[in-house]
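A.B. asks: Could you look at this predicted model? Sequence included:
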Amino acid sequence: VSLFEDGLVVGALWLATQHPFVFGIALVIMLVLMGLLLVTLFRFLKAITRRIGAWFSAVPAH
């Protein structure tokens with residue numbers, strides 16, 4: 001995994017120096033995807049905390 005990531009860094013640096021416009025487009029796409037993933041993860045965390053809170057504060061059945 002680490003060697004793959006090192007290869008990605010080398011590839012990204014090459015792309016940034018040889019084709020900066022393509023690198024910029026790829027960077028913007030990755031930043032947008034990262035933002036969407038962050039929002040999704042926070043929504044998931046909020047839903048999980050609500051369910052756990054509801055589970056502990058539930059009224060016992062009669």
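C.D. replies: Thanks, I have it. Being a predicted model, the structure only gives us computed values, none of them experimental.
A.B. asks: only C-alpha atoms for contact and neighbour calcs from this point on.
C.D. replies: OK.
A.B. asks: name the helices or strands packed onto the helix or strand containing Gly11?
C.D. replies: In this structure, Gly11 sits in helix 2-18 according to DSSP states H and E. Based on contacts counted as 3 or more Cα pairs under 8 Å, 6 or more residues apart in numbering; DSSP states H and E, the elements that helix 2-18 packs against are helix 20-56.
A.B. asks: Report the buried residues of the helix it packs on.
C.D. replies: Buried residues in helix 20-56, counted by 16 or more other Cα atoms under 10 Å: Phe23.
A.B. asks: Ok, stretch 5-20 next?
C.D. replies: Neighbour-count burial for stretch 5-20, counted by 16+ other Cα under 10 Å, picks out Ala12, Leu15.
A.B. asks: Return that stretch as PDB; C-alpha atoms alone will do.
C.D. replies: This file holds the C-alpha atoms of stretch 5-20, laid out as PDB (Å, rounded to 0.1, in the frame of the first residue of the first chain):
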ATOM      1  CA  GLU A   5       0.900   5.700  -2.500                       C
ATOM      2  CA  ASP A   6       4.500   6.800  -3.200                       C
ATOM      3  CA  GLY A   7       3.800   6.000  -6.800                       C
ATOM      4  CA  LEU A   8       0.700   8.200  -6.700                       C
ATOM      5  CA  VAL A   9       2.800  11.100  -5.300                       C
ATOM      6  CA  VAL A  10       5.400  10.700  -8.100                       C
ATOM      7  CA  GLY A  11       2.600  10.600 -10.700                       C
ATOM      8  CA  ALA A  12       0.800  13.600  -9.200                       C
ATOM      9  CA  LEU A  13       4.100  15.600  -9.200                       C
ATOM     10  CA  TRP A  14       4.800  14.600 -12.800                       C
ATOM     11  CA  LEU A  15       1.200  15.600 -13.800                       C
ATOM     12  CA  ALA A  16       1.500  18.900 -12.000                       C
ATOM     13  CA  THR A  17       4.700  19.800 -13.700                       C
ATOM     14  CA  GLN A  18       3.900  18.500 -17.200                       C
ATOM     15  CA  HIS A  19       0.200  19.100 -17.500                       C
ATOM     16  CA  PRO A  20      -0.800  21.600 -14.800                       C
END
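A.B. asks: Thanks again, I'm all set now.
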